[in-house]
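K.L.:
Pasting a predicted model and its sequence here:
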Amino acid sequence: MTTTKAILGYIETLELPEFGIVCKAKVDTGACTSSLHAEKIEVFQRDGCDWVRFHVLFGKKSAKIDQVCEARVKDTRVIASSNGQRSRRYIIETEFLIRGQRWRAEISLSHRGSMTYPMLIGRKAISGRFLVDVAQ
């Protein structure tokens, strides 16, 4: 069986054009929802909808980002982290750009300051678009 799907490695360069962010991201098929590092999350109203303003401040070797972003809140969900701890997170939707492919996907906002990468790409975002080869 042959496929024309692009192959992603364990770490990929990701662009979030609506936020002006380009960074390395960890591909994690064990995670359902993608996650972006966010600090100082503030909820506010715009046109009768909930929005969030958040600061993506990440200063590690893997990524240096200092960007204040705004997005409409799509949902809030209880999400379990890799250590099993559950927390309620804001879910937003934004455009992804990876390996020349552009599409919209959900992201949870979470403090990832202790992690190596500011972004985790979950399986829902890449399902049907890519294959993953963790050796790459």
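P.N.:
Now that the structure is in, tell me what you want to look at. Numbering: from 1, shown residues only.
K.L.:
ok, which stretches of this protein are helices?
P.N.:
For the chain, applying DSSP state H gives helices covering 123-126.
K.L.:
tell me the mean pLDDT for stretch 36-45?
P.N.:
Taken as a whole, stretch 36-45 has an average pLDDT of 96.
K.L.:
whoops, I mixed them up, stretch 70-84
P.N.:
On average, stretch 70-84 scores 89.
K.L.:
Now do the same contact list for Leu109.
P.N.:
With contact taken as CB atoms under 8 Å, 6 or more residues apart in numbering, Leu109 is in contact with 35-36, 38, 41, 52, 54, 89-92. (C-beta placed from N, C-alpha, C; glycine too.)
K.L.:
In JSON lines: the residues you listed, plus neighbour count.
P.N.:
Formatted as JSON lines, the contacts of Leu109 follow (neighbours: other CB atoms under 10 Å):
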{"residue": "Ser35", "neighbour count": "26"}
{"residue": "Leu36", "neighbour count": "27"}
{"residue": "Ala38", "neighbour count": "26"}
{"residue": "Ile41", "neighbour count": "14"}
{"residue": "Val52", "neighbour count": "18"}
{"residue": "Phe54", "neighbour count": "22"}
{"residue": "Arg89", "neighbour count": "21"}
{"residue": "Tyr90", "neighbour count": "21"}
{"residue": "Ile91", "neighbour count": "18"}
{"residue": "Ile92", "neighbour count": "24"}
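K.L.:
from those, which single one is nearest Lys64?
P.N.:
Nearest to Lys64 out of the contacts of Leu109 is Leu36 (CB to CB; 15.2 Å).
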